[in-house]
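Asker: build the 3D model from these lines:
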Amino acid sequence: MMKRREFISLLGGAAVWPLAARAQQPSMPVIGYLNPQSPDGQTGRLRGFRQGLKEAGYVEGENLAVEYRWAEGKVDRLPALAAELVRRQVAVIAATGGPASAHAAKAATATIPIVFLVAEDPVRLGLVTSLARPRGNITGSNFLNTELTAKRLELLRELVPGMARLAVLVNPASAINAETTLRDAEAAARAMSLQIEVHNASTSREINLAFANVGRGRPDALFVSGDGFFLSRRVQMVNLASRYAVPATYADRPFAEAGGLMSYGSNNEDAFRQAGVYVGRILKGAKPADLPIVQASKFELVINAETARMLGLTVPDKLLATADEVIE
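Answerer: Down below sits the predicted model:
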């Protein structure tokens, strides 16, 4: 007959064994996800990011944990959020949503690997010294959206054939983005014999003022630069474009989905997928310096046919056939 003391000892051993076994299991890696916007409207991008992770062998909640940090449109919060991820000692930081996230992450750590996504040339942004060999602890993807200005204007003129005067809206807080956009817009406008007027906005209030000025000036169309802050204010901007009845073109699909007339730019879901692949490869031992900057190769045209009708525009058959999606 087993004595009570032996029985308790046996129970204790049974209780301790699983704990010891669990302690020997490899811990689940944790990555950081830094973004200047809010989770709202990010479904497609997050789906792409998670798909990339899956392709690399990682599934969130199964063999990978993700610490999300959203700045909710307040870019000045990014340095503190990046510092939080560094203190959390994440294995990799995915700095998404534009240069502000990438710069905040780069300033926060020189050792934790960083995978960024930006719409501008990362060499000009000072993030890397070479596209082929980024060096250091950082690599990523270039959407190329700021390099599609001429193509976006050509598509806009097809939809607004009588276009002669064009308003261009840029965010001066994103200096390189604004400079590149204006340089390319001015060159394309000269080639198309268009007159352009430039408007600036870096805050929600300035967006309201810029659209009010556009409404008073009555240009034939509006070109909105690809910018993370503008994307976070897309509902406000689309509503203002509707209020002032100005045909507008945007760089990102979520604008057209929110009611904007048209968007043309990189397939962001695919770009985020590639970022997920890079994060997974780094988790498996690859060094950021050995992963060349990925240049976007998939672009998409989205036309909101309902908005076109509201503006009294007829979408040409050629555009309808070219569009990747027509929103009715």
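Asker: for Gln25, give me the pLDDT.
Answerer: Gln25 carries a pLDDT value of 45.
Asker: please name the nearest non-neighbouring residue to Pro79.
Answerer: The shortest distance from Pro79 to any non-neighbouring residue, by CB to CB, 6 or more residues apart in numbering, is to Ala104 (4.8 Å). For glycine as for every other residue, the C-beta is placed from the backbone atoms N, C-alpha and C.
Asker: typed the wrong thing, it's Pro29
Answerer: Once flanking residues are discounted, Pro29 sits nearest to Ala91: 4.7 Å by CB to CB, 6+ apart.
Asker: wait, what's in contact with that neighbour?
Answerer: Residues in contact with Ala91 (CB atoms under 8 Å, 6 or more residues apart in numbering) are 29-31, 112-113, 282-283.
Asker: of these, buried ones?
Answerer: 29, 31, 112-113, 282-283 (16 or more other CB atoms under 10 Å).
Asker: mind putting those in a markdown table, pLDDT and distance to Leu319 included?
Answerer: Compiled in a markdown table, the buried ones among the contacts of Ala91 are given as follows (pLDDT from 0 to 100; distance: CB to CB, whole Å):
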| residue | pLDDT | distance to Leu319 |
| --- | --- | --- |
| Pro29 | 97 | 46 |
| Ile31 | 98 | 40 |
| Ile112 | 98 | 45 |
| Pro113 | 98 | 42 |
| Ile282 | 98 | 41 |
| Leu283 | 98 | 43 |
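Asker: mind pulling up the pLDDT for the spatially most central residue of the chain?
Answerer: Against the mean C-alpha coordinate of the chain, by CA atoms, centre = their mean, the closest residue is Gly97 at 3.5 Å. We have a pLDDT of 88 for Gly97.
Asker: for it, which residues are in contact?
Answerer: With CB under 8 Å, 6+ apart, Gly97 has these contacts: 34-37, 117, 228, 231.
Asker: same thing with Gly41?
Answerer: The neighbours of Gly41, taking CB under 8 Å, 6+ apart as the test, are 231, 234, 254, 258.
Asker: re the thing from before, ok, now how distant is the residue nearest to Pro79 from Met310?
Answerer: Distance, Ala104 to Met310, using CB to CB, to the nearest Å: 39 Å.
Asker: kindly report the same for Leu156.
Answerer: Leu156 is 17 Å from Met310, where distance means CB to CB.
Asker: ok, the two, which is more surrounded?
Answerer: Leu156 (23 against 13; other CB atoms under 10 Å).
Asker: is it true that that one touches Met163?
Answerer: Yes - checked against CB atoms under 8 Å, the pair Leu156 and Met163 is within contact range at 6.8 Å.
Asker: pull up the overlap in contacts between these two.
Answerer: Counting by CB under 8 Å, 6+ apart, the contacts common to Leu156 and Met163 are Ala221.
Asker: flag the shaky bits of the stretch 151-300 of the chain, pLDDT-wise.
Answerer: Low-confidence segments of the stretch 151-300 of the chain (pLDDT under 70): none present.
Asker: any chance you could map the helices in it?
Answerer: Counting by DSSP state H, counting those that start in this stretch, the stretch 151-300 of the chain has helices at residues 175-191, 204-217, 228-232, 234-243, 253-257, 268-283.
Asker: rewinding a little: what's the local residue count around the spatially closest residue to the residue nearest to the centre of the chain that is not a sequence neighbour?
Answerer: Nearest residue to Gly97, sequence neighbours excluded (CB to CB, 6+ apart): Asn35, at 4.2 Å. When neighbours are counted by other CB under 10 Å, Asn35 registers 26.
Asker: quick check: bridge partners of Asn35?
Answerer: Beta-bridge pairing for Asn35 (DSSP bridges): Trp70.
Asker: gap between it and Ala321?
Answerer: From Asn35 over to Ala321 the distance is 35 Å, taken as CB to CB.
Asker: find the nearest non-adjacent residue to Val59, please.
Answerer: Counting by CB to CB, 6+ apart, the nearest residue to Val59 once its immediate chain neighbours are dropped is Leu53, at 7.0 Å.
Asker: count of neighbours near that neighbour?
Answerer: Neighbours of Leu53 under the rule other CB under 10 Å: 25.
Asker: my guess is it contacts Gly61. True?
Answerer: No - counting by CB under 8 Å, Leu53 stays clear of Gly61, with 11.0 Å between them.
Asker: contacts for the helix or strand encompassing Leu320?
Answerer: Using DSSP states H and E, Leu320 sits in helix 317-322. With contacts defined as CB under 8 Å, 6+ apart, helix 317-322 is touched by 155, 158-159, 301, 303, 326.
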